[in-house]
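1. pasted the sequence and its predicted model underneath.
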There are 2 protein chains.
Amino acid sequence: MSRASEQAYAKIRAHLLSGAVKPSEQLTEDRLAQITGVSRTPVREAVRRLEDELLLVRSDTKRLFVADWSRDDIEEMFTLRQMLECHAAERAARRLSREQIGALEALNRDLKAAIEQTPPDVARFLDANRAFHEVIIEAAQSPRLGQLLPKLVEAPVVLRTARTYSPDDLRQSARDHDELIAAFAAHDPDWARAVMGSHLRRAFHTFARAVGPAAGKNET
Amino acid sequence: MSRASEQAYAKIRAHLLSGAVKPSEQLTEDRLAQITGVSRTPVREAVRRLEDELLLVRSDTKRLFVADWSRDDIEEMFTLRQMLECHAAERAARRLSREQIGALEALNRDLKAAIEQTPPDVARFLDANRAFHEVIIEAAQSPRLGQLLPKLVEAPVVLRTARTYSPDDLRQSARDHDELIAAFAAHDPDWARAVMGSHLRRAFHTFARAVGPAAGKNET
DNA sequence: CGGGAGCGATTTGTATACAATAACCATCGC
DNA sequence: GCGATGGTTATTGTATACAAATCGCTCCCG
């Protein structure tokens, strides 16, 4: 995207991530234009992208709000993500080059280093983690898949970034990645799919635990 | 969406469907503004939506083109659609109300009527077919799913609408729908998933046959 | 003859002003 | 007192003018 709208996107995203605004809080395009320093036109472009990623939502009458993700929303999202990303892992297992596997190993080394810092560098962990998964999607060579997945991946991570990851959770993630790499090196699609499935399902529970226990039927 | 941009969206879509423009042909926002009778601002909004649905694509330097779907693109799309829509069928089987099942029956009656006209009314068939699948997605009660699927469903149908469907193909579709309804009435998720899977996979082959035989490795 | 720099024309991106619509609030009628 | 109704303000939608980028051509130089 072009300069101003890309900048608006990044700034608004950072603004949401900073915790300066709360879920369900109303925003206006004017206000965002002030914050980002560009006019409403590129802001609208950026907002549309953020709506697509479900970080922002519009009310029935077009008013703009910070998205509020319930536990059920998060579960639904992880279920879909699991479906798509398991497929990606399967395809990637057939296609990953030696270089790409090397890249995954390097990223996971970085990820581990981020964990073992004191205190653990969660931001660095998340970056390495994202890059890791992106390599897999890239290798799956399915453009449509690459277009669909980001919409699912971004939202909850950004909105709940303040939460605490336990060191054990982080280490388990790293181990999952190790096993994924092993499955890829063996070019075994079934193995890769299975590992990715358990990896993401565990990630969901880790995530959900922090958000709150399973809700029975409450709305909000 | 608001009036002008919605209108622009509909007109551009109709324009693509009419065959007045060919795949890979360049379009300009100005030209589309002329055609739709609104200014470039809402046109840009509409174009973004059509890009999202992969009916339009932008070159690396932001120029706008009519999308060109290769056979491989279509196969990829159907594979993803199958994955998601089987999931939807499974969920729908657990949730569909008696009224919704009644609605599906009515839609399939209409679909059959469209087939048995002479000549068959393909547009009416496609409308009923779309409505049928939308009821299922609605019943799946998965907002994210409802957001993802339209992006996959629209594009190839619109772009290849001129092609001929054989009466046998259409009748087989109607039979698939009958069996789906039976699976829903029995509230059997596994059955529903299986029927949806074969329904869509057959639809892919019907579709692909008209586009051209499986290409080995050709690019374009 | 080929390749690249420069320039005019085309196309997309951004800012701004204004129009349309929705929310808010106070007042009126019952 | 309570709900409907009108006017006022806030917010989003659209048109338009202008800026930036890109394309395609010509012309020049090697």
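-> Done, it's in. Note that the structure is a prediction, hence the values are computed from the model and not measured.
2. only C-alpha atoms for contact and neighbour calcs from this point on.
-> OK.
3. within the helices and strands, which one has the nearest residue to A:Asp52 once chain neighbours are set aside?
-> Spatially, and ignoring its direct neighbours in sequence, A:Asp52 is nearest to A:Lys151 (6.5 Å; C-alpha to C-alpha, 6 or more residues apart in numbering or on different chains). According to DSSP states H and E, A:Lys151 maps onto helix A:143-159.
4. show me what the very next helix or strand once past that helix is packed against.
-> As assigned by DSSP H and E, the chain's next helix or strand after helix A:143-159 is helix A:167-185. Here helix A:167-185 is seen to pack against helix A:71-95, helix A:98-116, helix A:189-211 when contacts are counted using 3 or more C-alpha pairs under 8 Å, 6 or more residues apart in numbering or on different chains; DSSP states H and E.
5. the inter-axis angle of helix A:167-185 versus helix A:189-211?
-> 160 degrees (axes from the mean of the first three to the mean of the last three C-alpha atoms, to 10 degrees).
6. give me the contact list for helix A:167-185.
-> A:92-94, A:96, A:101, A:104-105, A:108, A:111-112, A:115, A:120, A:189, A:191-192, A:195-196, A:199, A:203, A:206 (C-alpha atoms under 8 Å, 6 or more residues apart in numbering or on different chains).
7. on that earlier part again, next, the buried residues of the helix holding A:Lys151.
-> A:145-146, A:148-149, A:151-153, A:155-156, A:158-159 (16 or more other C-alpha atoms under 10 Å in any protein chain shown).
8. tell me which two in those are the farthest apart.
-> A:Leu145 and A:Leu159 (23.0 Å; C-alpha to C-alpha).
9. quick one, what contacts the closest residue to A:Leu149 other than its chain neighbours?
-> Once flanking residues are discounted, A:Leu149 sits nearest to A:Arg81: 6.9 Å by C-alpha to C-alpha, 6+ apart. Residues near A:Arg81 by C-alpha under 8 Å, 6+ apart: A:149, A:152-153.
10. of all those, which comes closest to DNA strand C?
-> Nearest to DNA strand C among the contacts of A:Arg81, counting by C-alpha to the nearest atom of the strand, is A:Leu149 at 22.8 Å.
11. by contact count, what packs against the helix or strand bottoming out on mean pLDDT in chain A?
-> Sorting the helices and strands of chain A by mean pLDDT, DSSP states H and E puts helix A:143-159 at the bottom, at a mean of 82. Here helix A:143-159 touches helix A:3-17, helix A:71-95, helix A:122-140, helix B:71-95, going by 3+ C-alpha pairs under 8 Å, 6+ apart.
12. closest to DNA strand D out of those?
-> helix A:3-17 (7.4 Å).
13. now the element after the closest one, going C-ward?
-> Reading on from helix A:3-17 to the C-terminus, the next helix or strand found by DSSP H and E is strand A:26-27.
14. tell me the mean pLDDT for the following helix or strand past that next one?
-> Using DSSP H and E, the helix or strand that follows strand A:26-27 in sequence is helix A:29-36. For helix A:29-36, mean pLDDT rounds to 97.
15. spell out which residues make up each domain of chain A.
-> Following automatic domain parsing, one finds the domains of chain A at A:3-66, A:71-211.
16. least reliable of the ones you listed going by mean pLDDT?
-> Among those, domain A:71-211 scores lowest, at a mean of 91.
17. one step back: looking at the helices and strands packed on helix A:167-185, which is buried most?
-> When those are scored by mean count of other C-alpha atoms under 10 Å in any protein chain shown, the highest mean neighbour count falls to helix A:71-95 (a mean of 21).
18. now the angle from that one to helix A:122-140?
-> 50 degrees.
19. next one: helix A:71-95 to chain centre, how far?
-> Relative to the centre of its chain, helix A:71-95 is centred 12 Å away, using C-alpha atoms, centre = their mean, to the nearest Å.
20. likewise for stretch A:61-70?
-> For stretch A:61-70, the distance to the chain centre is 19 Å (C-alpha atoms, centre = their mean).
21. around chain B, which positions in chain A sit nearby?
-> A:76-77, A:80, A:83-84, A:142, A:144-145, A:148 (C-alpha under 8 Å from any C-alpha of the partner chain).
22. write out the residues of chain A neighbouring DNA strand D.
-> Chain A has residues A:27-30, A:41, A:62-64 near DNA strand D, with proximity defined as C-alpha under 7 Å from any atom of the strand.
23. try it again at 6 Å.
-> By the rule C-alpha under 6 Å from any atom of the strand, the part of chain A lying against DNA strand D is A:27-30, A:62-64.
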